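1. return atomic coordinates for the entry below.
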Amino acid sequence: MRVHISMLKDGDQLASDAFNNYGLNVMAKGTRLTSYEISKLTQHNIDYVDVEMEQSEAKSTVAEHRTIESGLSPKWLPAMQPLYQNAIEGCGNLFRKAFEEGKVMEEDVDKTFGPLLTSFQMERDVVSMLLLLNTTDDYTYQHSVQVGMLSYYLAAWMGHNEEEATRIGKAGFLHDIGKCRIPNEILNKPEKLTDEEYREVKRHTLYGEEIILSTYDDPFLSTAALQHHERMNGTGYPHGINGEEISPIAKIVAVADVYSAMISTRAYQEKRDLQYVLRDLYRMSFHELDPQTTHTFIRHMIPNFIGKQVELDSGQTGTIIMTHPTEFFRPLIQIGEEFIDLSLNRDLEITLIYM
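-> Okay, here's the model as predicted:
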């Protein structure tokens, strides 16, 4: 049975070897887990392991609630869902107040985003959380909440301490606040924008910087709003700067912004498959997005695929057993008794992942 490490308990026994993101065998099959072993798995950033299912447990509902992949609601969902919805509603109130008053109140930001962030700091499987919590309502506000959460995680993955990661998460949460000045008929227009409409949309970065500086004496936060659409090759906006001219925090928020936008359903875009979203991010890392930031993000998202069923272009179906630290999209696949390493077998491609 595949189990998230947050759901492990003393006495569980590994049903297979546990590997970290670099392919290192951290713990052998058959290891009986104690708090020490569970801590070691955590230190190696291992999200899921296979454990033997006791006969008594197999007959109970306990096992069903120990894995997100069972298809049932995980135990955190009832508590997290209202916090997520409250954050979306609170974000809407922040946007309305920013439009009316030209600024946001710092205590309103903390009251809206703080409780959700505190709860999410306890969970490590951000991919599953966002997939389960994602709705089709209030795209702009939900997007802001998601970018805040993703920016926090990505900052932590890149080595920022808790205080810095929280600050970067807040910057992600506020990155689109300038859109409060863009008419909804433009933001939600299903057809292609006119040149003038697109110019107005691009101004949200300048509006956002102005609103944040009216609230916070902190260029750190306002720079994320201003620069999150700048690109490494100079093709972004509003100023067309490139490379080292872009703030490190804006590079983090940019990756979170693009990912959240790609996985969401909007008036002019259907929700996209997670595998193709990550492939697009990887492609963008060579020209538009910062490569180190983007690759760190992908490296921490890819392990979510372990244990998933896949279909290959040969028509075969199998299970992802292990991912590679550099060949992100060419994992080790098990088909029956056979193991196929897609990093070596270049003739095969994954066409579908069953999430």
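2. do a quick rundown of the helices in the chain.
-> Assignment of helices within the chain using DSSP state H yields the ranges 35-43, 55-58, 77-101, 106-120, 126-133, 139-157, 162-173, 184-187, 195-202, 204-215, 219-227, 248-263, 274-284, 291-301.
3. I'd like to know which of those helices is closest to Leu348.
-> Between Leu348 and the helices of the chain, the shortest gap by CB to CB is with helix 274-284, which sits at 14.5 Å. All C-beta spots, glycine's among them, are computed from the backbone N, C-alpha and C.
4. mean confidence for that closest one?
-> In this model, helix 274-284 carries a mean pLDDT of 89.
5. rewinding a little: to Glu337, which of the helices of the chain lies closest?
-> Comparing the helices of the chain by CB to CB, helix 55-58 comes nearest, at 23.3 Å.
6. need the contact list for Gln227.
-> Contact analysis of Gln227 by CB atoms under 8 Å, 6 or more residues apart in numbering lists 205, 241, 246-247, 250, 254.
7. one more time with 10 Å
-> By CB atoms under 10 Å, 6 or more residues apart in numbering, Gln227 lies in contact with 175, 205, 209, 236-239, 241, 245-247, 249-251, 253-254.
8. still on that earlier bit, of the helices of the chain, which shows the lowest average pLDDT?
-> Per-stretch mean pLDDT for the helices of the chain is lowest at helix 55-58 (a mean of 46).
9. so which of the helices of the chain comes closest to Gly307?
-> Ranking these by distance to Gly307, with CB to CB as the measure, places helix 126-133 first at 11.6 Å.
10. middle-most residue in this protein, spatially?
-> When CA atoms, centre = their mean is applied to the chain, the residue found nearest the centroid is Leu150 (4.9 Å).
11. that one touches Tyr259, doesn't it?
-> Yes: between Leu150 and Tyr259 a contact is recorded at 6.4 Å, counting by CB atoms under 10 Å.
12. among the contacts of Gln227, name the buried ones.
-> Among the contacts of Gln227, those scoring as buried are 175, 205, 209, 236-237, 241, 246-247, 249-251, 253-254 (criterion: 16 or more other CB atoms under 10 Å).
13. ok, which pair from these is furthest apart?
-> Counting by CB to CB, the most remote pair of the buried ones among the contacts of Gln227 is Tyr237 and Ile249, 17.6 Å apart.
14. outline the domain layout of the chain.
-> Residue ranges of the domains in the chain are recorded as 2-70, 77-301, 306-354, according to automatic domain parsing.
15. so of those, which one's packed in deepest?
-> domain 77-301 (a mean of 18; mean count of other CB atoms under 10 Å).
16. centre of the chain versus that one, how much separation?
-> In terms of CA atoms, centre = their mean, to the nearest Å, the centre of domain 77-301 is set 11 Å apart from its chain centre.
17. of the helices of the chain, which is nearest Ile340?
-> Going through the helices of the chain one by one, with CB to CB as the measure, helix 274-284 comes closest at 17.1 Å.
18. what's that closest one packed up against?
-> helix 126-133, helix 248-263, helix 291-301, strand 350-354 (3 or more CB pairs under 10 Å, 6 or more residues apart in numbering; DSSP states H and E).
19. returning to what we had before: could the helices of the chain go into a markdown table alongside distance to Ile335?
-> Output for those, formatted as a markdown table (distance: least, CB to CB, whole Å):
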| stretch | distance to Ile335 |
| --- | --- |
| helix 35-43 | 27 |
| helix 55-58 | 25 |
| helix 77-101 | 32 |
| helix 106-120 | 36 |
| helix 126-133 | 24 |
| helix 139-157 | 32 |
| helix 162-173 | 40 |
| helix 184-187 | 46 |
| helix 195-202 | 47 |
| helix 204-215 | 48 |
| helix 219-227 | 45 |
| helix 248-263 | 28 |
| helix 274-284 | 18 |
| helix 291-301 | 24 |
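20. of all those, which lies closest to Tyr354?
-> It is, among the helices of the chain and with distance given as CB to CB, helix 274-284, at 10.7 Å.
21. give me the nearest residue to Thr112, chain neighbours excluded.
-> With sequence-adjacent residues excluded and distances taken as CB to CB, 6 or more residues apart in numbering, Thr112 is closest to Gly90, at 3.2 Å.
22. stretch 18-29: how far from the chain's middle?
-> On the basis of CA atoms, centre = their mean, the separation between the geometric centre of stretch 18-29 and that of its chain is 23 Å.
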